[in-house]
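K.L.:
Test case, fold it:
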Amino acid sequence: MLQQVKEPTVKAAIVALQNGDVKGWNRLFEPEATLLDDGQPRDLKRFSSEALGHERFLSIDKVSSNGLSIEREFQSDKRGRFRTYRRFTISSEGAIGKLEIGQA
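P.N.:
Here you go, the predicted structure:
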């Protein structure tokens, strides 16, 4: 599933999400990183603690924008199965500065 994701920070974020690795996930973000959920600001730390271990990719269907945008089938323990997107903004230091998530 990960072979189509070439951007190393994005790949590491997917691996951390899949493994429920909150510490590994949090290390990938800038200290002041932002999260938008369907365009609305959301607390990244709260999202991370609630989502990791309870949400996972079932497939990666489309990778675009040089590996920074992903559409996929997703499973959430709370909300079930649905198609979503994730768009990453990576800083020059290689950390995630902004994450945008939502239903595709």
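K.L.:
If you count contacts, what does the longest strand belonging to the chain end up packed against?
P.N.:
Looking across the chain with DSSP state E, the single longest strand is strand 80-90. Where contact means 3 or more Cβ pairs under 8 Å, 6 or more residues apart in numbering; DSSP states H and E, strand 80-90 is packed against helix 8-19, strand 69-76, strand 96-103. Every C-beta, even on glycine, is put in place using the N, C-alpha and C of the backbone.
K.L.:
So, low pLDDT: which residues of this protein?
P.N.:
For the chain, the stretches with pLDDT under 70 are 1.
K.L.:
Give me the angle between the longest strand of the chain and strand 96-103.
P.N.:
150 degrees (axes from the mean of the first three to the mean of the last three Cα atoms, to 10 degrees).
K.L.:
outside of strand 80-90, which residues touch it?
P.N.:
For strand 80-90, the external contacting residues (Cβ atoms under 8 Å, 6 or more residues apart in numbering) are 7, 9-10, 13, 58, 61, 65, 68-76, 96-104.
K.L.:
okay, the angle between it and helix 8-19?
P.N.:
On the basis of the same axes, to 10 degrees, strand 80-90 is oriented at 150 degrees to helix 8-19.
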